[in-house]
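[1] Okay, structure incoming, though there's no sequence with it:
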(Lines give C-alpha, C1' and ligand atoms only; values in the text may rest on other atoms or scores of the structure.)
Protein backbone atom coordinates (compact mmCIF):
# COMPACT_ATOMS: atom_id res chain seq x y z
CA UNK A 1 0.00 0.00 0.00
CA UNK A 2 1.27 3.44 -1.07
CA UNK A 3 4.51 1.79 -2.13
CA UNK A 4 6.50 2.18 -5.30
CA UNK A 5 6.91 -0.04 -8.34
CA UNK A 6 9.93 -0.69 -10.54
CA UNK A 7 9.85 1.61 -13.56
CA UNK A 8 9.42 -1.28 -16.01
CA UNK A 9 6.43 -2.65 -14.09
CA UNK A 10 4.87 0.80 -13.80
CA UNK A 11 5.22 1.44 -17.54
CA UNK A 12 3.84 -2.02 -18.36
CA UNK A 13 0.74 -1.45 -16.24
CA UNK A 14 0.25 2.03 -17.70
CA UNK A 15 0.48 0.61 -21.21
CA UNK A 16 -1.98 -2.14 -20.34
CA UNK A 17 -4.38 0.48 -18.99
CA UNK A 18 -4.42 2.10 -22.43
CA UNK A 19 -4.36 -1.08 -24.53
CA UNK A 20 -7.19 -2.98 -22.84
CA UNK A 21 -9.90 -0.36 -23.58
CA UNK A 22 -8.49 -0.01 -27.11
CA UNK A 23 -8.64 -3.80 -27.61
CA UNK A 24 -12.25 -3.84 -26.39
CA UNK A 25 -13.07 -1.02 -28.83
CA UNK A 26 -11.46 -2.94 -31.71
CA UNK A 27 -13.32 -6.13 -30.80
CA UNK A 28 -16.76 -4.54 -30.43
CA UNK A 29 -16.54 -2.31 -33.51
CA UNK A 30 -14.69 -4.81 -35.71
CA UNK A 31 -17.12 -7.64 -34.98
CA UNK A 32 -20.00 -5.51 -36.20
CA UNK A 33 -21.90 -5.73 -32.91
CA UNK A 34 -22.56 -1.99 -33.05
CA UNK A 35 -23.53 0.10 -36.06
CA UNK A 36 -20.54 2.23 -37.24
CA UNK A 37 -22.78 5.29 -36.98
CA UNK A 38 -22.66 4.81 -33.20
CA UNK A 39 -19.20 3.27 -32.80
CA UNK A 40 -16.73 3.57 -35.70
CA UNK A 41 -13.73 1.30 -35.92
CA UNK A 42 -10.28 2.62 -34.98
CA UNK A 43 -9.30 2.45 -38.68
CA UNK A 44 -12.22 4.71 -39.62
CA UNK A 45 -11.18 7.17 -36.93
CA UNK A 46 -7.59 7.21 -38.21
CA UNK A 47 -8.77 7.73 -41.79
CA UNK A 48 -11.01 10.60 -40.70
CA UNK A 49 -8.11 12.16 -38.78
CA UNK A 50 -5.87 12.01 -41.86
CA UNK A 51 -8.61 13.45 -44.05
CA UNK A 52 -9.21 16.25 -41.52
CA UNK A 53 -5.49 16.97 -41.47
CA UNK A 54 -5.07 17.00 -45.25
CA UNK A 55 -8.15 18.90 -46.37
CA UNK A 56 -10.06 20.42 -43.46
CA UNK A 57 -7.55 22.45 -41.42
CA UNK A 58 -6.94 20.16 -38.43
CA UNK A 59 -3.67 21.91 -37.53
CA UNK A 60 -5.41 25.28 -37.42
CA UNK A 61 -8.24 23.91 -35.28
CA UNK A 62 -5.74 22.45 -32.82
CA UNK A 63 -3.80 25.73 -32.61
CA UNK A 64 -6.95 27.79 -32.07
CA UNK A 65 -8.24 25.49 -29.32
CA UNK A 66 -4.87 25.44 -27.54
CA UNK A 67 -4.78 29.25 -27.67
CA UNK A 68 -8.27 29.50 -26.17
CA UNK A 69 -7.56 27.03 -23.36
CA UNK A 70 -4.23 28.59 -22.41
CA UNK A 71 -5.59 32.13 -22.76
CA UNK A 72 -8.52 31.46 -20.44
CA UNK A 73 -6.35 29.50 -18.01
CA UNK A 74 -3.63 32.15 -17.72
CA UNK A 75 -6.21 34.93 -17.37
CA UNK A 76 -7.75 32.95 -14.53
CA UNK A 77 -4.38 32.28 -12.88
CA UNK A 78 -3.40 35.95 -13.14
CA UNK A 79 -6.24 36.88 -10.79
CA UNK A 80 -6.58 33.66 -8.79
CA UNK A 81 -2.97 33.38 -7.59
CA UNK A 82 -2.74 36.71 -5.72
CA UNK A 83 -6.32 36.43 -4.47
CA UNK A 84 -5.79 32.86 -3.30
CA UNK A 85 -2.63 33.89 -1.43
CA UNK A 86 -4.50 36.72 0.30
CA UNK A 87 -7.43 34.48 1.24
CA UNK A 88 -5.12 31.81 2.62
CA UNK A 89 -2.93 34.26 4.54
CA UNK A 90 -5.28 36.87 5.99
CA UNK A 91 -8.37 35.99 8.05
CA UNK A 92 -10.35 39.17 7.14
CA UNK A 93 -9.82 38.57 3.42
CA UNK A 94 -10.82 34.93 3.88
CA UNK A 95 -14.01 35.88 5.72
CA UNK A 96 -14.90 38.41 3.01
CA UNK A 97 -14.19 36.36 -0.13
CA UNK A 98 -14.50 32.67 0.82
CA UNK A 99 -18.32 32.47 1.20
CA UNK A 100 -18.88 34.16 -2.16
CA UNK A 101 -16.26 31.99 -3.85
CA UNK A 102 -17.70 28.84 -2.29
CA UNK A 103 -21.10 29.78 -3.68
CA UNK A 104 -19.82 30.81 -7.11
CA UNK A 105 -17.89 27.62 -7.83
CA UNK A 106 -21.18 25.67 -8.02
CA UNK A 107 -22.63 27.93 -10.69
CA UNK A 108 -22.48 26.10 -14.07
CA UNK A 109 -20.29 27.91 -16.57
CA UNK A 110 -22.56 26.92 -19.45
CA UNK A 111 -25.42 28.87 -17.84
CA UNK A 112 -23.38 32.06 -18.20
CA UNK A 113 -23.12 31.78 -21.98
CA UNK A 114 -26.17 34.01 -22.73
CA UNK A 115 -24.89 36.62 -20.28
CA UNK A 116 -21.36 36.44 -21.67
CA UNK A 117 -22.71 37.02 -25.17
CA UNK A 118 -24.58 40.09 -23.89
CA UNK A 119 -21.74 41.49 -21.80
CA UNK A 120 -18.66 40.55 -23.84
CA UNK A 121 -19.93 39.81 -27.32
CA UNK A 122 -19.26 36.81 -29.49
CA UNK A 123 -15.59 37.26 -30.35
CA UNK A 124 -12.61 35.43 -28.84
CA UNK A 125 -12.99 37.15 -25.48
CA UNK A 126 -16.30 35.32 -25.02
CA UNK A 127 -14.63 31.91 -25.41
CA UNK A 128 -11.89 32.90 -22.98
CA UNK A 129 -14.51 34.14 -20.51
CA UNK A 130 -16.25 30.75 -20.41
CA UNK A 131 -12.97 28.99 -19.62
CA UNK A 132 -12.13 31.70 -17.07
CA UNK A 133 -15.44 31.21 -15.25
CA UNK A 134 -15.06 27.43 -15.36
CA UNK A 135 -11.63 27.46 -13.71
CA UNK A 136 -11.31 30.63 -11.64
CA UNK A 137 -13.39 29.86 -8.55
CA UNK A 138 -12.02 26.35 -8.11
CA UNK A 139 -8.49 27.67 -8.58
CA UNK A 140 -8.88 30.42 -5.98
CA UNK A 141 -10.14 28.07 -3.27
CA UNK A 142 -7.53 25.40 -3.97
CA UNK A 143 -4.71 27.96 -3.91
CA UNK A 144 -6.03 29.42 -0.66
CA UNK A 145 -6.01 25.93 0.86
CA UNK A 146 -2.41 25.43 -0.30
CA UNK A 147 -1.38 28.58 1.58
CA UNK A 148 -3.46 27.70 4.65
CA UNK A 149 -1.83 24.24 4.90
CA UNK A 150 1.65 25.71 5.51
CA UNK A 151 2.61 24.71 9.10
CA UNK A 152 2.63 27.35 11.82
CA UNK A 153 6.18 26.61 12.99
CA UNK A 154 8.04 28.56 10.25
CA UNK A 155 5.53 31.41 10.58
CA UNK A 156 6.15 31.69 14.32
CA UNK A 157 9.90 31.49 13.75
CA UNK A 158 9.69 34.37 11.29
CA UNK A 159 7.64 36.41 13.76
CA UNK A 160 10.24 35.77 16.46
CA UNK A 161 12.86 37.26 14.15
CA UNK A 162 10.73 40.38 13.64
CA UNK A 163 9.26 39.66 10.19
CA UNK A 164 6.22 41.68 9.16
CA UNK A 165 3.05 40.11 7.78
CA UNK A 166 4.07 41.01 4.24
CA UNK A 167 7.52 39.47 4.72
CA UNK A 168 5.98 36.30 6.12
CA UNK A 169 3.74 35.98 3.07
CA UNK A 170 6.60 36.68 0.65
CA UNK A 171 9.41 34.72 2.29
CA UNK A 172 7.61 31.94 4.21
CA UNK A 173 4.10 31.15 2.97
CA UNK A 174 4.58 31.42 -0.79
CA UNK A 175 7.91 29.51 -0.96
CA UNK A 176 6.53 26.74 1.28
CA UNK A 177 3.31 26.43 -0.74
CA UNK A 178 4.83 26.59 -4.23
CA UNK A 179 4.89 22.81 -4.89
CA UNK A 180 1.24 22.46 -3.89
CA UNK A 181 0.30 25.58 -5.85
CA UNK A 182 1.85 24.19 -9.02
CA UNK A 183 -0.11 20.97 -8.49
CA UNK A 184 -3.25 23.08 -8.16
CA UNK A 185 -2.50 24.81 -11.46
CA UNK A 186 -1.99 21.40 -13.09
CA UNK A 187 -5.37 20.21 -11.81
CA UNK A 188 -7.22 23.32 -12.94
CA UNK A 189 -5.58 23.13 -16.37
CA UNK A 190 -7.45 19.84 -16.70
CA UNK A 191 -10.66 21.72 -15.92
CA UNK A 192 -9.82 24.27 -18.62
CA UNK A 193 -9.63 21.52 -21.23
CA UNK A 194 -13.00 20.09 -20.16
CA UNK A 195 -14.61 23.50 -20.74
CA UNK A 196 -13.24 23.85 -24.27
CA UNK A 197 -16.28 22.39 -26.05
CA UNK A 198 -18.58 24.55 -23.90
CA UNK A 199 -16.53 27.64 -24.74
CA UNK A 200 -16.76 26.93 -28.46
CA UNK A 201 -20.55 26.94 -28.29
CA UNK A 202 -20.28 30.74 -28.36
CA UNK A 203 -20.50 31.64 -32.06
CA UNK A 204 -17.32 29.75 -32.97
CA UNK A 205 -16.40 28.77 -36.51
CA UNK A 206 -13.18 26.89 -35.77
CA UNK A 207 -11.52 24.79 -33.11
CA UNK A 208 -11.74 21.19 -31.96
CA UNK A 209 -14.83 21.74 -29.82
CA UNK A 210 -16.64 23.50 -32.66
CA UNK A 211 -15.72 20.66 -35.03
CA UNK A 212 -17.11 18.08 -32.59
CA UNK A 213 -20.41 19.97 -32.35
CA UNK A 214 -20.56 20.39 -36.12
CA UNK A 215 -19.84 16.69 -36.66
CA UNK A 216 -22.67 15.82 -34.28
CA UNK A 217 -25.18 17.57 -36.53
CA UNK A 218 -24.12 15.43 -39.49
CA UNK A 219 -23.72 12.16 -37.53
CA UNK A 220 -19.98 12.07 -38.30
CA UNK A 221 -19.21 9.89 -35.31
CA UNK A 222 -15.69 9.13 -36.49
CA UNK A 223 -14.88 12.86 -36.50
CA UNK A 224 -16.34 13.21 -33.01
CA UNK A 225 -14.00 10.44 -31.86
CA UNK A 226 -11.04 12.19 -33.48
CA UNK A 227 -11.86 15.48 -31.73
CA UNK A 228 -12.37 13.84 -28.34
CA UNK A 229 -9.18 11.78 -28.58
CA UNK A 230 -7.14 14.79 -29.70
CA UNK A 231 -8.39 16.89 -26.80
CA UNK A 232 -7.52 14.04 -24.43
CA UNK A 233 -4.07 13.62 -25.97
CA UNK A 234 -3.21 17.34 -25.84
CA UNK A 235 -4.54 17.51 -22.28
CA UNK A 236 -2.36 14.54 -21.30
CA UNK A 237 0.72 16.17 -22.84
CA UNK A 238 -0.06 19.38 -20.97
CA UNK A 239 -0.41 17.44 -17.72
CA UNK A 240 2.91 15.70 -18.28
CA UNK A 241 4.54 19.07 -18.97
CA UNK A 242 3.30 20.31 -15.59
CA UNK A 243 4.63 17.14 -13.92
CA UNK A 244 8.02 17.66 -15.58
CA UNK A 245 8.06 21.30 -14.44
CA UNK A 246 7.20 20.24 -10.90
CA UNK A 247 10.05 17.71 -10.81
CA UNK A 248 12.43 20.25 -12.31
CA UNK A 249 11.53 23.14 -9.99
CA UNK A 250 11.00 21.16 -6.78
CA UNK A 251 13.37 18.23 -6.94
CA UNK A 252 13.73 18.34 -3.16
CA UNK A 253 9.96 17.93 -2.71
CA UNK A 254 9.73 14.97 -5.10
CA UNK A 255 12.73 13.29 -3.47
CA UNK A 256 11.11 13.68 -0.07
CA UNK A 257 7.79 12.36 -1.35
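    Thanks, I have the structure now. All values derive from a computational prediction rather than experimental measurement.
[2] Show me the strands in this structure, by range?
    For the chain, strands defined by DSSP state E do not occur.
[3] which stretches of it have low pLDDT?
    Low-confidence segments of the chain, defined by pLDDT under 70: 1-2, 203, 253-257.
[4] Residue 137: neighbour count?
    Look at residue 137: counted by other Cβ atoms under 10 Å, it has 21 neighbours. In this view, the C-beta of every residue, glycine as well, is placed from N, C-alpha and C.
[5] doesn't residue 109 make contact with it?
    No: using Cβ atoms under 8 Å, residue 137 is not in contact with residue 109; the gap is 9.6 Å.
[6] longest single helix anywhere in this structure?
    helix 58-89 (DSSP state H).
[7] elements contacting that one?
    Using 3 or more Cβ pairs under 8 Å, 6 or more residues apart in numbering; DSSP states H and E, the elements in contact with helix 58-89 are helix 42-55, helix 91-104, helix 124-148, helix 174-194, helix 196-199, helix 208-217, helix 221-249.
[8] Could you check that helix and say which residues are buried?
    In terms of neighbour count (16 or more other Cβ atoms under 10 Å), helix 58-89 has its buried residues at 58, 61-62, 64-66, 68-69, 71-73, 75-77, 80-81, 83-89.
[9] Burial check on residue 205, number of neighbours?
    8.
[10] What sits closest to residue 149 if chain neighbours are left out?
    Using Cβ to Cβ, 6 or more residues apart in numbering and skipping residues adjacent in sequence, the residue nearest residue 149 is residue 180, 6.9 Å away.
[11] I misspoke; the intended subject was residue 191.
    residue 135 (4.9 Å).
[12] unless I'm mixing things up, residue 105 is touching residue 138, no?
    Yes: Residue 105 sits in contact with residue 138 when judged by Cβ under 8 Å, with a separation of 5.4 Å.
[13] so what's in contact with these two at the same time?
    Here residue 105 and residue 138 have no joint contacts, going by Cβ atoms under 8 Å, 6 or more residues apart in numbering.
[14] Let me see the contact set for the spatially closest residue to residue 75 that is not a sequence neighbour.
    Residue nearest to residue 75 in three dimensions, not counting chain neighbours: residue 132, with 5.3 Å by Cβ to Cβ, 6+ apart. By Cβ under 8 Å, 6+ apart, the contact list for residue 132 reads 72, 75, 76.
[15] Next, format the helices and strands packed on helix 58-89 as a markdown table and append distance to residue 31.
    Listed next are those as a markdown table, based on distance: least, Cβ to Cβ, whole Å:
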| stretch | distance to residue 31 |
| --- | --- |
| helix 42-55 | 13 |
| helix 91-104 | 48 |
| helix 124-148 | 39 |
| helix 174-194 | 32 |
| helix 196-199 | 30 |
| helix 208-217 | 24 |
| helix 221-249 | 17 |
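[16] Looking at these, spot the one closest to residue 14.
    Residue 14 lies closest, by Cβ to Cβ, to one member of these: helix 221-249, at 11.4 Å.
[17] Remind me what that closest one packs against, helices and strands.
    So helix 221-249, by 3+ Cβ pairs under 8 Å, 6+ apart, packs with helix 42-55, helix 58-89, helix 174-194, helix 208-217, helix 251-256.
[18] Which of those sits closest to residue 122?
    helix 208-217 (12.7 Å).
[19] Other residues contacting that closest one?
    With contact meaning Cβ under 8 Å, 6+ apart, helix 208-217 is reached by 52, 61-62, 65, 196-201, 204, 221, 223-224, 227-228, 230-231.
[20] next one: stretch 137-148
    For stretch 137-148, the surrounding residues in contact (Cβ under 8 Å, 6+ apart) are 76-77, 80-81, 83-85, 87-89, 94, 97-98, 101-102, 104-105, 107, 173-174, 177, 180-181, 184-185, 187-188, 191.
[21] got the contact list for residue 109?
    Counted by Cβ under 8 Å, 6+ apart, residue 109 has contacts 130, 133, 134, 195, 198.
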